[in-house]
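Novice: Give me a model of this one.
(2 chains)
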Amino acid sequence: MTDPARSHDATSPRPDEDRQAFAEASESLWRITFGPALWALHFAGSYGVAAIWCAKVAAKGQDIAPLRLGFAVVTLAVLAAIGWLGWRSWRQWDYLGDRDYENAGANHEDRHQFLGHAAFLLSIVSFVGVVYTGLPVVFVQACR
Amino acid sequence: MHGGAERDVMAVMPVACMPQTNRQTAAACRRAAGCLAMLALLGACEGRQAVLNPAGQDAAVIARLFLGMLTGAVILWLLVAGLFLYVTVFRVSHMPRRWAESLIVGGGVLFPTFVLAGLLSYSLPLMSSQRTGGDGLVVHVRGEQWWWRVTYETPQGNRAVSANEVRLPAGRRTEFRLTADKVIHSFWIPALGGKTDMIPGRETVMTLEPAETGLFRGQCAEFCGASHALMAFEVETMAPDLFDEWLRHAASDAVPPATEAARRGAGIFAAEGCGACHTVRGTPALGRVGPDLTHVGSRHSIGAALLPVTAADLALWVGRTGHLKPDVEMPQYDHLLPDALLDLGRYLEGLK
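Specialist: This next block holds a predicted model:
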């Protein structure tokens, strides 16, 4: 549990500070979905684009090198985006600041850090997922 | 060669039930289920339909991958079980929180992530090696219910139609173009390589490079109806020059019946209208519904690896088709007298 002396409940916050904290929490609630959403888009996009390219373009004897290059670029961009999200959420969790991995309190700070913690873990899962989705592009050299 | 219908029925059940006679095997299977399971494991290591007894480049790659995965899995299992025993039996004590967390993050997250990435990086390149192009010969195989329509096509454009048997030159890579008639089948010669689906309206491509000559067995590996288990085929890998010679023969017309009985059989074949469904090249029989019978007598089996090719077995097949292969499209000619069936069998047997 968090130290009550640190939580906002112990003091009496002003209403506008409350509103700001709520807006922030709501924003980071959205943000925890970004990592998995990027992973999902990358996954569905990879399969869809590969299927269409192989059926419409490569079937006519075209090389799939542009497809693999495109995949590589998009995959690296998505990994960078997820990495950035992960970094942000790691800062938000602030683990090194207070060595606190239980954020169960019903107060602004715990909510703030908990959402950071969840987003950080989801970013890691999404990062690994995108790497695994991207590996076939490196190794599979033809449509069949 | 093999012993009969029941034996082949057994062959698609656990592989362990293949050797010895049926009655012995059946008795052994009844005696102990545990024994059967063990025999099944051992049986999978040898025989002509065995993944772990590769006779081709592609099967060797798959067998290596499997053994590598199995070894890794056994090592990991021993490690995890050993660790579990260590902390629950041999050294039961309080574990500092930091250790426990490192174990979970390290052993539960980081280690599997890197192991899986390694396995993926190792196995993915194998996929493209399984799809390298052929050396020229193309074998078109169409999955029917429940048999295989096989057409050989040489680089020169010569074609030879056959059925229920695949012959391949050893040491050369042959391309397979696979499709299906009504339902999905799967083309699989375990000793030579992986399986590939045969899909109606689509053409799937695979290549196989047998490394040695021999007789092997293929099996439909996708449930396709009542007689799915009886949809198998013989595979013979041959020295390239013998194969070329065989292929020239396979493209030729049928030999005329040589004996009096065979001539009577040919008459029955024509009178019963067999030619409406079957082709015997060089005769008026030009049907394309059922298997091409031009050289049926030189095949290793009839009925899609169901029976050996003897006059008696051919007579049995024609007279009791539906008994031998449930739901088969071919009507059984049980109105023919045994002598007539045997004559027909002699004619077909003579179609070398």
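Novice: So which bits of stretch A:69-84 are buried?
Specialist: Neighbour-count burial for stretch A:69-84 flags A:71, A:74-75, A:78-79, A:81-82 (criterion: 16 or more other Cβ atoms under 10 Å in any protein chain shown). C-beta: built from backbone N, CA, C; applies to glycine.
Novice: same question, stretch A:22-40
Specialist: In stretch A:22-40, counting by 16+ other Cβ under 10 Å, buried: A:28, A:31-32, A:34-36, A:38-39.
Novice: circling back: in helices, which of the buried residues of stretch A:69-84 fall?
Specialist: A:71, A:74-75, A:78-79, A:81-82 (DSSP state H).
Novice: correct me, but B:His278 touches B:Gly287?
Specialist: Yes - at 5.1 Å, B:His278 and B:Gly287 qualify as touching, with contact defined as Cβ atoms under 8 Å.
Novice: For the two, indicate the residue with more neighbours.
Specialist: Between B:His278 and B:Gly287, counted using other Cβ atoms under 10 Å in any protein chain shown, B:His278 has the larger neighbour count: 23 against 15.
Novice: Work out for me the element residue 122 sits within.
Specialist: All of this refers to chain A. Secondary structure from DSSP states H and E places A:Leu122 in helix A:108-139.
Novice: that's the wrong chain, I wanted chain B
Specialist: Taking DSSP H and E as the criterion, B:Tyr122 maps to helix B:111-129.
Novice: wait, does that helix make contact with chain A?
Specialist: Yes - using Cβ under 8 Å from any Cβ of the partner chain, helix B:111-129 reaches chain A at B:113, B:116-117, B:120-121, B:124-125, B:127-128.
Novice: What is that helix packed up against?
Specialist: Packing partners of helix B:111-129 (3 or more Cβ pairs under 8 Å, 6 or more residues apart in numbering or on different chains; DSSP states H and E): helix A:108-139, helix B:57-85.
Novice: can I get the buried residues of stretch A:69-84 in a markdown table with pLDDT and distance to chain B?
Specialist: Shown next, in a markdown table, are the buried residues of stretch A:69-84 (pLDDT from 0 to 100; distance: Cβ to the nearest Cβ, whole Å):
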| residue | pLDDT | distance to chain B |
| --- | --- | --- |
| A:Phe71 | 90 | 14 |
| A:Val74 | 94 | 19 |
| A:Thr75 | 94 | 14 |
| A:Val78 | 96 | 17 |
| A:Leu79 | 96 | 14 |
| A:Ala81 | 95 | 20 |
| A:Ile82 | 95 | 15 |
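Novice: could those go into CSV alongside distance to A:Ala55?
Specialist: Shown next, in CSV, are the buried residues of stretch A:69-84 (distance: Cβ to Cβ, whole Å):
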residue, distance to A:Ala55
A:Phe71, 16
A:Val74, 20
A:Thr75, 21
A:Val78, 24
A:Leu79, 27
A:Ala81, 29
A:Ile82, 29
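Novice: B:Leu192: which of these is nearest?
Specialist: The nearest member of the buried residues of stretch A:69-84 to B:Leu192, counting by Cβ to Cβ, is A:Phe71 at 32.8 Å.
Novice: wait, what's in contact with the closest one?
Specialist: Applying Cβ atoms under 8 Å, 6 or more residues apart in numbering or on different chains to A:Phe71 gives the contacts A:46, A:49-50, A:134, A:137.
Novice: end to end, how far does stretch B:129-146 reach?
Specialist: End-to-end distance of stretch B:129-146 (Cα to Cα, to the nearest Å): 31 Å.
Novice: Now find how far off-centre it is within its chain.
Specialist: Remark: stretch B:129-146 is offset 13 Å from the chain centroid, using Cα atoms, centre = their mean, to the nearest Å.
Novice: Name the residues of that stretch that come out as buried.
Specialist: By 16+ other Cβ under 10 Å, the buried positions in stretch B:129-146 come out as B:130-131, B:134, B:137-146.
Novice: Now it: average pLDDT?
Specialist: Stretch B:129-146 shows a mean pLDDT of 88.
Novice: Same check on stretch B:242-258?
Specialist: On average, stretch B:242-258 scores 94.
Novice: Give me the contact list for it.
Specialist: With contact meaning Cβ under 8 Å, 6+ apart, stretch B:242-258 is reached by B:152, B:154, B:158-160, B:162, B:167-169, B:238, B:263, B:265-266, B:280-283, B:293-295, B:298, B:347, B:350-352.
Novice: tell me the centre residue of the chain?
Specialist: Using chain A. A:Gly35 (1.9 Å; Cα atoms, centre = their mean).
Novice: um, chain B though
Specialist: By Cα atoms, centre = their mean, chain B has its centre lying nearest to B:Gly218, at 1.1 Å.
Novice: if you skip the residues just before and after it, what's nearest to that residue?
Specialist: Counting by Cβ to Cβ, 6 or more residues apart in numbering or on different chains, B:Ile189 is the residue found nearest to B:Gly218 once chain neighbours are left out, at 4.1 Å.
Novice: Same check on A:Leu122?
Specialist: Nearest residue to A:Leu122 in three dimensions, chain neighbours excluded: A:Gly35, at 4.7 Å (Cβ to Cβ, 6+ apart).
Novice: Report the separation between the one you found and chain B.
Specialist: 16 Å (Cβ to the nearest Cβ, to the nearest Å).
Novice: Wasn't that residue part of a helix?
Specialist: Yes - A:Gly35 forms part of a helix when assessed by DSSP: H, G, I helix; E, B strand; the rest coil.
Novice: correct me, but it touches A:Ile82?
Specialist: Yes - between A:Gly35 and A:Ile82 a contact is recorded at 5.3 Å, counting by Cβ under 8 Å.
Novice: what's the pLDDT at residue 29?
Specialist: Just going to use chain A. Reading off the model, A:Leu29 has pLDDT 82.
Novice: Chain B was what I was after
Specialist: At B:Cys29, the model reports a pLDDT of 48.
Novice: Same check on the one 4 residues further on?
Specialist: Note for B:Ala33: predicted pLDDT of 56.
Novice: go on, A:Ala5?
Specialist: According to the prediction, A:Ala5 has pLDDT 44.
Novice: now do B:Leu36
Specialist: For B:Leu36, pLDDT reads 53.
Novice: How about the one 3 residues further on?
Specialist: Model confidence at B:Leu39, expressed as pLDDT, equals 54.
Novice: For chain A, which residues are neighbours of chain B?
Specialist: A:124, A:128, A:131-132, A:135-136, A:138-142, A:144.
Novice: Could you dump the residues you listed into a markdown table with pLDDT, distance to B:Gly214 and neighbour count added?
Specialist: Output for these, formatted as a markdown table (pLDDT from 0 to 100; distance: Cβ to Cβ, whole Å; neighbours: other Cβ atoms under 10 Å in any protein chain shown):
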| residue | pLDDT | distance to B:Gly214 | neighbour count |
| --- | --- | --- | --- |
| A:Ile124 | 93 | 51 | 16 |
| A:Val128 | 93 | 45 | 18 |
| A:Val131 | 93 | 43 | 16 |
| A:Tyr132 | 92 | 39 | 15 |
| A:Leu135 | 87 | 37 | 16 |
| A:Pro136 | 83 | 35 | 15 |
| A:Val138 | 76 | 37 | 15 |
| A:Phe139 | 79 | 32 | 15 |
| A:Val140 | 77 | 32 | 17 |
| A:Gln141 | 74 | 32 | 13 |
| A:Ala142 | 74 | 30 | 13 |
| A:Arg144 | 66 | 28 | 12 |
